[in-house]
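Visitor: quick one, structure for this:
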Amino acid sequence: MANTAIAATALTANTLSGRIDGTTPSAGMISVSTGNTGVIAASGSLRKGIIIISGDGTHTATVTFSAGDEPPSERSGIGASSGLSIAATGSYIVPLDAGRFVQDDGTVLAVVSGTGPVYIGYFTEPIGQ
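Guide: Predicted coordinates for the structure are as follows:
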């Protein structure tokens, strides 16, 4: 198992942001192989960001978000998410409860299983533009 870094990609106001599907994804959509973990650079908050997961066009996969370990959140001990089924040609927006999934270091962990890979992106909104 290896970690795959998923940096935040800033969106530009009033601009088409690119493709999110797995056949030809644009910048910001990072391939995470089966058995690996996508480490999403959420900076401790998911309020200003959007997580998108896409199939690679061929394979199906399951993505599970690891339980958070950042106290003092009362929701950090609830546990991991149920496995999210990712269709080969599907694209999904994943709203997460930061209090449940953010790690001590401010990241969110997305564990990929199945036949994968999947593409995962974390996009920040253009606040104030």
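Visitor: least confident secondary structure element in this protein?
Guide: In the chain, the helix or strand scored least confidently by mean pLDDT, DSSP states H and E is helix 98-101, which has a mean of 84.
Visitor: which residues does the helix or strand just after that one contact?
Guide: Sequence-wise, the next helix or strand downstream of helix 98-101 (DSSP states H and E) is strand 108-114. Identification of contacts with strand 108-114 by CB atoms under 8 Å, 6 or more residues apart in numbering yields 6, 32-40, 42, 46, 51, 53, 59-66, 68, 83, 86, 96, 101-103, 118, 120. Where you see a C-beta, it was placed from the backbone N, CA and C, and this is true even at glycine.
Visitor: which ones among those residues are found in strands?
Guide: 6, 32, 37-40, 51, 53, 61-65, 86, 118, 120 (DSSP state E).
Visitor: from these, which is closest to residue 20?
Guide: If you rank these by distance to residue 20 using CB to CB, residue 53 comes first, at 9.0 Å.
Visitor: please name the bridge partners of that closest one.
Guide: Residue 53 forms beta bridges with residue 92, residue 120, as assigned by DSSP bridges.
Visitor: isn't it up against residue 63?
Guide: Yes: using CB atoms under 8 Å, residue 53 is in contact with residue 63, at 5.8 Å.
Visitor: re the thing from before, out of the contacts of strand 108-114, which end up buried?
Guide: 6, 32, 34, 36-40, 42, 46, 51, 53, 59-66, 68, 86, 96, 101-103, 118, 120 (16 or more other CB atoms under 10 Å).
Visitor: ok, now how distant is the nearest residue to residue 112 once chain neighbours are set aside from residue 103?
Guide: Leaving aside its sequence neighbours, residue 112 sits nearest to residue 32 (CB to CB, 6 or more residues apart in numbering; 5.0 Å). Note on residue 32: its distance to residue 103, by CB to CB, to the nearest Å, is 16 Å.
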